[in-house]
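[1] Below are the sequence and a predicted model; questions follow.
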Amino acid sequence: MKKLINYTPTPVNRTLLGLLPFVLLLLLYMASSEARLAINPSDKLLPSLGQMGDAMYRLAFEPSRRKGELVFWQDTLSSLGRLGAGVGIAALFGLTIGLLTGALPLLYSFLAPLLTVVSLIPPLAILPILFIIIGLGESSKITLIAIGVAPFIARDIQRRTQEIPSEQLVKAQTLGASTLQILVRVLLPQVMPKLIDAVRLSLGAGWLFLIAAEAISSTDGLGYRIFLVRRYMSMDVILPYVAWITLLAFLIDYLLAALNKRLYPWEGKA
Amino acid sequence: MTEPFIQALNVGKTYGQDRILERVNATVHQGEFITLVGASGCGKSTFLKMILGIEQPSSGELLLNGAPMPNEPGPDRGIVFQQYSVFPHMTVLENVVAAKGFQKASLSGYLFGKEKRQARQEASEILHQVGLGHALTRYPHELSGGMKQRLAIAQAVIGKPKILLLDEPFGALDPGIRADMHALILDVWRQHKLTIFMVTHDLKEGFYLGTRLWVFDKLRHDPHAPNAYGASITYDLPVGATADDLYREIDEQIRPTPIFNHHSELTETP
C-alpha cells in the first residue's frame, strides 16, 4: 500500500477526475430544479435547462422589441469592448511605467512610492469621482477598469524588469548599447511575456470592475443585463449569463497563454 | 616596451568597514594575457569590476592610457561572465547581430537592408570560427554551458574591444570542455590582439593560459578582524618560468584552509 502522497493519476484518469465535479454539480442542479418545479411549475429560483435554453434563444436570436438588436450579442460585444479597452490601456500604461521605473533607478526613486500608494486606493471607491468628472458614458467604465488594474500591472512589470540579471545590462553596454537601446532590445522583449502573464492575472479584477460599473450605470452589457433582470428574478437569464462570462474569461485566458507560448518560445527557460 | 596601457597606482577598495583591496600596484601593456588567481573573497573579481567600470577604486588611481578608467562599462572593454552573459530572447545569430547593432548610434539598435546583411554575414563568420556554425538559429536555453560561453565570447569579440575581461568563464564547465575553451580563447587572443584579464579558481588554468599570473592575497592578517586588511597582488609572475615548489606554495595559498577561511568562503565578496 503506497502512501497517499505518492498516488499520481494517469493522464486519462486525471481528465476524468477533473470533469467529475462538473458533472456532479450539474446533476445536483438538475435534480434540485426538477424537485422544485414538480412542486411549483412557476418556480423561478432553479429553472430547468430547457427554460434557460428558451430564454437564451430569445435573447440571442430574436431581435428585441424596443430597439431591434440581438440583446445577448450586443451585451457581449459592449462588455468585451469595455474590458478590452480598459485592460489594454492599463497594459500599455503598466508596461511603460513598469519598464522605465524598473530599468532606471532615478525614475524608480521618483515614482515607486507614488505607485505604491496609488495601488492601495480601492478603485471602486473612486467610481463616484469618475462619474462626476467623466460622466456616466463609456469612458468612465473604461477608466475604472484601467485605473483598477494598471497599478498591479505596472508594479509587476517593474519587478520583472528588475529581475533581469544585471550581467545582461553590463554586457550590452560593453557592446556599445545606449540606455534606449538597452530598453528596446534587451529589457522590453524580455518583459513582454511577463506583460501577457500580468494581463492574464489582472483579467479577474478587470471583470469585477466591468460588472460593477455596468451594474451602476449602463444601458447594455453582460453585467447590466444580469442586474436588470434580477428585478424579475429571471434566474433563467442570470445563470446562463454567468456561465457565458465564465466561458469568455476562460477562453481569453487560454488564448493569451497560447499566444505567449507561440510568440516567446524562450520564455521561462534558463 | 611601449607606453603602459593600464596602470594601477596604490589602488584600494573598501565596502563600509570591510577592506577588500589595498596598495595594488601594477602596470600592464597592450597584448598581455593576465590571469588573476586567489582564494574566495580576495578581491580579484573586484579588481576586474574596476576595469569593467562598475566599481570604482576607493583610493589610489586606476589608469587606462594615462587617463582615469571610465566609471561605466564601454565598448573598449568586453566581458564574459560565468553566466547570464547572453540574451536569452535572441537566437545565437541574433545575439551577435545585436552586438553589431549596438555599435551603431541608432535609437533602437535594429539594423536594416545592406547593413543588416553585412552584420549577419560577419556574425555568421565569427560564429563558425568559435564552432557554433551549426547552431545559428537556436536559442541560448537550447545550448550547453560550453556553447553558451562560446557564444558569449563571439559576442564580445565582434564588438572589437581592446580589453577582454573574463570572470571565471569556464568555472561551470566540465574539464574536457574546458580544454577546448582554452584553445579557443588563446586563438581569439592572438587573432584579435586583445589584452585579456581572466579571473579563475583553477591555478593550472592560470599557468597554462596567458603570459602573466597575478596572485591576490592578504599581506597582513588580523585573526580577530579578518576584514581589517585588504588583499594585494602578492605574486606577479611571467608564465612559463615558474619553479615547481613555488607552484605548490601558491597552490596552498589560494586553497582556503578549512578552519580560518570557512567564513570568507561562505560570504564571497561581490
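    It's in. Numbering: from 1, shown residues only, chains lettered A, B, ... in the order given.

[2] By proximity to chain B, which residue of the stretch 1-150 of chain A wins?
    residue A:105 (13.2 Å; C-beta to the nearest C-beta). No exception for glycine: its C-beta is placed from N, CA and C like everyone else's.

[3] For the helix or strand that residue A:23 is a member of, could you pull out the residues that count as buried?
    Element membership for residue A:23, per DSSP states H and E: helix A:11-39. Counting neighbours by 16 or more other C-beta atoms under 10 Å in any protein chain shown, one finds that the buried residues in helix A:11-39 are A:33, A:36, A:37.

[4] one step back: just give me the neighbour total for the residue of the stretch 1-150 of chain A closest to chain B.
    Using other C-beta atoms under 10 Å in any protein chain shown, residue A:105 has 11 neighbouring residues.

[5] What are the phi and psi values at it?
    phi -60, psi -30 (degrees, to the nearest 10).

[6] can you check residue B:11 too?
    Torsion angles, degrees, to the nearest 10, at residue B:11: phi -70, psi 130.

[7] Might you enumerate the residues of the stretch 51-200 of chain B proximal to chain A?
    B:52, B:54, B:72-75, B:77-79, B:81, B:83-89, B:98-99, B:101-103, B:105-110, B:139-141, B:152, B:155-156, B:159, B:161 (C-beta under 8 Å from any C-beta of the partner chain).

[8] List the buried residues of the helix or strand where residue A:258 lies.
    If you go by DSSP H and E, residue A:258 is part of helix A:235-263. Of all the residues in helix A:235-263, those buried under the rule 16+ other C-beta under 10 Å are A:235, A:236, A:237, A:238, A:239, A:240, A:241, A:244, A:245, A:248, A:252, A:260.

[9] What sits closest to the last one if chain neighbours are left out?
    What that stands for is residue A:260. Nearest non-adjacent residue to residue A:260, counting by C-beta to C-beta, 6 or more residues apart in numbering or on different chains: residue A:196, 4.7 Å away.

[10] Flag every residue of the stretch 101-250 of chain A that's near chain B.
    A:165, A:167-168, A:170-178, A:180-181, A:184-186, A:189-190.

[11] So among those residues, which ones count as buried?
    A:167-168, A:170-178, A:181, A:184-186, A:189-190.

[12] right, and the helix or strand after the helix holding residue A:23?
    helix A:49-61.

[13] Doesn't residue B:13 lie inside a strand?
    Yes - assessed by DSSP: H, G, I helix; E, B strand; the rest coil, residue B:13 belongs to a strand.

[14] In TSV: the buried residues of helix A:235-263, plus pLDDT.
    Shown next, in TSV, are the buried residues of helix A:235-263 (pLDDT from 0 to 100):
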residue	pLDDT
A:235	93
A:236	93
A:237	94
A:238	95
A:239	95
A:240	95
A:241	95
A:244	96
A:245	96
A:248	96
A:252	97
A:260	93
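
[15] List just the nearest of these to chain B.
    residue A:260 (12.8 Å).

[16] tell me which element residue A:205 falls in.
    helix A:188-216.

[17] Next, the buried residues of that helix.
    Applying 16+ other C-beta under 10 Å to helix A:188-216 flags A:188-200, A:202-203, A:205-216 as buried.

[18] Show the secondary-structure elements that the very next helix or strand once past it is packed against.
    Next in sequence after helix A:188-216, counting helices and strands by DSSP H and E, comes helix A:222-229. Other helices and strands packing on helix A:222-229, by 3 or more C-beta pairs under 8 Å, 6 or more residues apart in numbering or on different chains; DSSP states H and E, are helix A:71-103, helix A:188-216, helix A:235-263.

[19] Nearest the geometric middle of chain A, what residue?
    Centroid-nearest residue in chain A: residue A:203, 1.9 Å away (criterion: C-alpha atoms, centre = their mean).

[20] Geometric centre of chain B: which residue is closest?
    residue B:166 (2.1 Å).

[21] what pairs with the nearest residue to that one once chain neighbours are set aside across the strands?
    The shortest distance from residue B:166 to any non-neighbouring residue, by C-beta to C-beta, 6+ apart, is to residue B:198 (4.0 Å). Applying DSSP bridges to residue B:198 yields these beta-bridge partners: residue B:35, residue B:166.

[22] any idea of the pLDDT on residue B:57?
    pLDDT, residue B:57: 88.

[23] my read: it touches residue B:13, true?
    Yes - at 6.0 Å, residue B:57 and residue B:13 qualify as touching, with contact defined as C-beta atoms under 8 Å.

[24] Quick check: neighbours shared by these two?
    residue B:50 (C-beta atoms under 8 Å, 6 or more residues apart in numbering or on different chains).

[25] where exactly do the helices run in the stretch 101-250 of chain B?
    B:113-129, B:145-158, B:175-192, B:203-208, B:244-254 (DSSP state H, counting those that start in this stretch).

[26] and residue A:115, which of those is closest to it?
    For residue A:115, the closest of the helices of the stretch 101-250 of chain B is helix B:145-158, at 34.8 Å, according to C-beta to C-beta.

[27] tilt between the closest one and helix B:113-129?
    130 degrees (axes from the mean of the first three to the mean of the last three C-alpha atoms, to 10 degrees).

[28] Tell me which other helices or strands helix B:145-158 touches.
    By 3+ C-beta pairs under 8 Å, 6+ apart, helix B:145-158 packs against helix A:166-174, strand B:77-80, helix B:92-103, helix B:113-129, helix B:175-192.

[29] What strands line up against the shortest one, and which way round?
    In other words, strand B:77-80. Here, using DSSP bridges, strand B:77-80 pairs with strand B:163-167 (parallel).

[30] how much does the strand it pairs with deviate in direction from helix B:175-192?
    Going by the same axes, to 10 degrees, strand B:163-167 makes 170 degrees with helix B:175-192.

[31] List the contacts of strand B:163-167.
    Contacts of strand B:163-167 (C-beta under 8 Å, 6+ apart): B:6, B:45, B:48, B:51-52, B:76-82, B:156-157, B:185, B:188-189, B:194-199.

[32] Residue ranges in chain A under the pLDDT threshold?
    Within chain A, the segments meeting pLDDT under 70 span A:270.

[33] can you list the domain ranges for it.
    A:10-44, A:61-263 (automatic domain parsing).

[34] nearest to residue B:130, of the ones you listed?
    domain A:61-263 (16.0 Å).

[35] and residue 156, what does it touch?
    In the absence of a named chain, chain A is used. Counting by C-beta under 8 Å, 6+ apart, residue A:156 has contacts A:94, A:98, A:194, A:198, A:201.

[36] not quite, I wanted chain B
    Residue B:156 neighbours (C-beta under 8 Å, 6+ apart): A:171, A:174, A:175, B:78, B:79, B:80, B:99, B:164.
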